[in-house]
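[1] A predicted structure for the sequence below; I have some questions about it.
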Amino acid sequence: MQRTLYFVCPTDCLEPVINMSFGSKNFYYNSLGNSVVFNGETANHLRNFIQKRGIREIFFVLSITNPIITDALGNQEFSDIRGLSDFYGEVLKQKGHSQVLYRESNRQFTIISHHLNKKVRELQLALNVGADRVKIGGKIYNAKDNAFYKIYADLVCTENFSLN
């Protein structure tokens with residue numbers, strides 16, 4: 001049986017939806033808005049857990065209506081929660097990039113894709129495992145469609161841009 005680790009935000013309550021949608025043996029790591037920081041100790045614990053459980057796939061998953069992302073883009077009522085201020089700054093920076101490059105209807109998906117792509121890269125570096133051993137990716141859940149969508153490719157989500 002396939003064993004999959006999902007990084008999810010507890011405010012999305014996606015665990016039951018994931019369990020019903022994907023038939024693998026599922027494990028979860030919760031952090032607000034997937035703001036987890038992969039320091040040495042965390043990376044070590046994850047590496048051991050992945051090896052011990054035989055994890056073959058890892059996905060970062062957020063809802064398109066994630067309350068933490070929505071708050072970061074809006075009133076920032078949760079910005080005082082420990083560890084979210086840097087995360088909010090990154091989300092706002094990507095919002096600025098996306099306002100120039102993307103339509104309003106696509107912006108939330110683009111911002112979340114950028115964030116999850118960044119998390120994928122961070123985890124790949126922290127774990128230092130080959131793509132042949134563990135597949136790492138991202139998904140965005142849309143409750144309206146009751147569907148999970150692959151995040152945009154990293155090339156679509158820019159860190160910076162220049163217009164000539």
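    Yep, it's here. Numbers count the residues shown, from 1 in each chain.
[2] In this protein, which helix is the longest?
    Longest helix in the chain, counting residues (DSSP state H): helix 104-127.
[3] Could you list every helix and strand that it packs against?
    When contacts are defined as 3 or more Cβ pairs under 8 Å, 6 or more residues apart in numbering; DSSP states H and E, helix 104-127 packs onto helix 40-53, strand 57-63, helix 67-73, helix 84-101, strand 135-142. (Glycine included, C-beta is placed from N, CA and C.)
[4] got the ones you listed as a markdown table, with mean neighbour count, mean pLDDT and distance to Phe148 columns?
    Below are the helices and strands packed on helix 104-127 laid out as a markdown table (neighbours: other Cβ atoms under 10 Å; pLDDT from 0 to 100; distance: least, Cβ to Cβ, whole Å):
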| stretch | mean neighbour count | mean pLDDT | distance to Phe148 |
| --- | --- | --- | --- |
| helix 40-53 | 13 | 94 | 21 |
| strand 57-63 | 23 | 97 | 7 |
| helix 67-73 | 20 | 88 | 16 |
| helix 84-101 | 16 | 69 | 21 |
| strand 135-142 | 18 | 97 | 4 |
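[5] can you list these in TSV and add distance to Ser24?
    Below are these laid out as TSV (distance: least, Cβ to Cβ, whole Å):
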stretch	distance to Ser24
helix 40-53	11
strand 57-63	7
helix 67-73	26
helix 84-101	28
strand 135-142	12
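[6] For Asn26, which of the ones you listed is the nearest?
    Nearest to Asn26 among these is strand 57-63 (9.8 Å), distances taken as Cβ to Cβ.
[7] Name the helix or strand for Phe148, please.
    strand 147-150 (DSSP states H and E).
[8] Quick one: residues contacting the residue most central in space within the chain.
    Geometric centre of the chain, nearest residue: Leu116, 3.4 Å, by Cα atoms, centre = their mean. Each residue near Leu116 by Cβ atoms under 8 Å, 6 or more residues apart in numbering is listed here: 34, 60, 62, 138-140, 151.
[9] Leaving out sequence neighbours, find the closest residue to Ala43.
    Leaving out its chain neighbours, the residue that sits closest to Ala43 by Cβ to Cβ, 6 or more residues apart in numbering is Ala126, at 3.9 Å.
[10] Find me the pLDDT at that neighbour, would you?
    Ala126 is assigned a predicted lDDT (pLDDT) of 93.
[11] likewise the one 4 residues further on?
    Reported pLDDT at Gly130 in the predicted model: 61.
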